[in-house]
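In: any chance you could fold what I've pasted below:
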Amino acid sequence: MDIINLQNNLALFTEHWSPKILASLNGQHVKVAKLFGEFVWHSHDNEDELFLVLEGSLQIAFRDRTVCLQAGEMIVVPKGVEHKPIALQEVSVLLFEPASTLNTGNATSHFTKTDLDIL
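Out: Coordinates of the predicted model:
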């Protein structure tokens with residue numbers, strides 16, 4: 001039961017689109033990531049995905065609309081919903097999702113991370 005400081009952990013890395021695990025609970029991972037640029041269109045067949053913006057502004061494109069999240073705002077993307085995160089400037093996010101969740105879901109690309117670092 002250690003205190004986890006989000007800002008201190010975010011300062012430990014600079015790479016984009018490479019989530020880092022902060023904690024695990026009940027089969028879920030709490031992750032932080034820095035995002036910049038456009039990700040790939042993807043969906044998660046079996047998992048919902050929570051995005052909480054810590055710093056910056058994050059757009060998430062859906063096939064029928066795009067939402068824009070500011071620091072302190074979050075969204076839950078339901079399983080099966082195709083989406084594409086877009087960060088026009090660097091943004092820091094907290095992700096909460098099942099431990100089995102692959103960051104690119106049903107898509108495979110150079111963004112795919114199968115072995116995440118634990119901070």
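
In: please identify the helix or strand for the residue nearest in space to the middle of the chain.
Out: Centroid-nearest residue in the chain: Leu95, 4.6 Å away (criterion: CA atoms, centre = their mean). Counting by DSSP states H and E, the element that carries Leu95 is strand 83-98.

In: any idea how far Leu95 is from Pro85?
Out: Distance from Pro85 to Leu95, counting by CB to CB, to the nearest Å: 10 Å. (C-beta placed from N, C-alpha, C; glycine too.)

In: count of neighbours near Glu73?
Out: Using other CB atoms under 10 Å, Glu73 has 13 other residues around it.

In: if you could redo that for Thr66, that was the one I meant.
Out: The burial count for Thr66: 12, using other CB under 10 Å.

In: that one contacts Leu58, doesn't it?
Out: No. Counting by CB atoms under 8 Å, Thr66 stays clear of Leu58, with 10.6 Å between them.

In: shared neighbours of these two, anything?
Out: Ile86 (CB atoms under 8 Å, 6 or more residues apart in numbering).

In: okay, the strand holding Leu95 in CSV with CA atoms only?
Out: Output in CSV follows, covering the C-alpha atoms of strand 83-98 (Å, rounded to 0.1, in the frame of the first residue of the first chain):
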residue,chain,number,x,y,z
HIS,A,83,-11.9,4.8,-31.8
LYS,A,84,-8.7,6.7,-32.5
PRO,A,85,-7.0,8.9,-29.9
ILE,A,86,-5.5,12.1,-31.3
ALA,A,87,-3.1,14.4,-29.4
LEU,A,88,-2.3,17.6,-31.3
GLN,A,89,0.1,18.5,-28.5
GLU,A,90,1.6,16.2,-25.8
VAL,A,91,-1.1,15.0,-23.4
SER,A,92,-0.8,12.8,-20.3
VAL,A,93,-3.5,10.3,-19.5
LEU,A,94,-4.4,7.8,-16.9
LEU,A,95,-5.9,4.6,-18.3
PHE,A,96,-7.9,2.0,-16.4
GLU,A,97,-8.6,-1.3,-18.1
PRO,A,98,-8.4,-5.1,-17.7
